[in-house]
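> With the input below, show me the fold.
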Amino acid sequence: MHTSVRTLLNQIIDYAGLFPPAKLPLDDAVRQYFHAKKSSPHRWMLGRFVCPVAQLPELLDRAKGLADASLLHVTALGKQVAEAKEFVPQIEKDVKAIKVFCKAWGKKDVIDLFEVALPNVTPITSALFMIPLAATELGRATLPVFFEIPRTESWREDLDAACALVGDLRDMNAQAAIGMKLRAGGLTADAFPSDEQVAGFITRCRSANVPWKATAGLHHPRRHWDESLQVWHHGFLNVFIAGVLANVHSLQEAEVIEILADRTAAHFKFDADRVAWKNWSCTTAQLTQFRAGIGTSFGSCSFDEPAADLVAMGLL
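From the prediction side, this is the model:
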């Protein structure tokens, strides 16, 4: 395996077995996570266990006494609220629940990431105004946060405003651990963003120097057709290679779209110290910097499936 592959994929998958389409009972999801963390030859790709804050007490009961409990690493998913005025009070409740869990677990940083969707309100401005307050609350708890913008007809404009706001917050405080989250799929065709939307997300985050992560719809490395939903799934290799090349070469949206849409395996090349798509390339040092600061991870309800695909491709 090339060093560039390991650098690109190191701890890139956050295990979201509790969520559709797998939607496993918590006992089963915990069992699969710990099994992969301990026994999989590809465990170096596995990052956090994604758990809604509401299920943290159940996770504590199920996992605290396990022999491999020390392997647990959690990203907590906050509850989405209906109204902007409810957003920060709910964040405060979630933070309290996270602190209770960490104290009972006996390790302060067992939960070291928080993700939450903004309320789906129109106009989005009232919800965006809550981001600095929420970020301050989470900053006090030393919890990095990724905000998800609900995808509506005004999503691109909402994303522009959110990225500008988060970028400004990061400019004012270099230590501010705030990013944006992309939902890349779901259970229905309309849950999958277009190539243009994903490219817009990547380039806007790049321009504002905002970290990002992704979730849903990224079970496979390559872009592929879903016959049942009649929709194209984005490949996680497409998305993250597009992300790093956009960052290194300041690619325009149209160029990012080309990478996202490409299904020709020969166009993607992995060498000992380099990853390339056609004539664009980046070094492993640039990959390391990108993964550490910009393109963080993606959530998947399966770990075995993406790993098996990568093996079949000869990358692992």
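> contacts, neighbours, all on C-alpha from now
Fine.
> All the strands of the stretch 51-200 of the chain, residue numbers only.
Here the stretch 51-200 of the chain has its strands, by DSSP state E, counting those that start in this stretch, at 74-77, 111-117, 145-148, 178-183.
> Arrange those in CSV, one row each, with distance to S207 as further columns.
Rendered in CSV, the data for those read as follows (distance: least, Cα to Cα, whole Å):
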stretch, distance to S207
strand 74-77, 26
strand 111-117, 22
strand 145-148, 17
strand 178-183, 13
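> Including distance to T296 and mean pLDDT, could those strands go into TSV?
Formatted as TSV, these follow (distance: least, Cα to Cα, whole Å; pLDDT from 0 to 100):
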stretch	distance to T296	mean pLDDT
strand 74-77	12	98
strand 111-117	11	97
strand 145-148	10	97
strand 178-183	10	97
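> Quick one: closest of those to L128.
strand 145-148 (10.0 Å; Cα to Cα).
> what's the spacing between the closest residue to S281 other than its chain neighbours and D304?
Spatial nearest neighbour of S281, chain neighbours left out: V275 (5.6 Å); criterion: Cα to Cα, 6 or more residues apart in numbering. Noted for V275: a distance of 24 Å to D304, by Cα to Cα, to the nearest Å.
> Under the pLDDT cut-off, which ranges of the stretch 101-250 of the chain? List them.
Across the stretch 101-250 of the chain, the ranges flagged by pLDDT under 70 are 174-175.
> Let me know the helix or strand that A276 is in.
Using DSSP states H and E, A276 falls within strand 274-277.
> Tell me which helix or strand comes right after that strand.
Next element after strand 274-277 (DSSP H and E): strand 280-283.
> What segments of the stretch 51-200 of the chain are helices?
Using DSSP state H, counting those that start in this stretch, the helices of the stretch 51-200 of the chain run over 56-63, 87-105, 125-128, 131-140, 155-172, 195-208.
> Let me know which of those helices is tucked in deepest.
helix 195-208 (a mean of 21; mean count of other Cα atoms under 10 Å).
> and it, what does it pack onto?
On a contact count with 3 or more Cα pairs under 8 Å, 6 or more residues apart in numbering; DSSP states H and E, helix 195-208 meets helix 155-172, strand 178-183, helix 236-249, helix 253-261.
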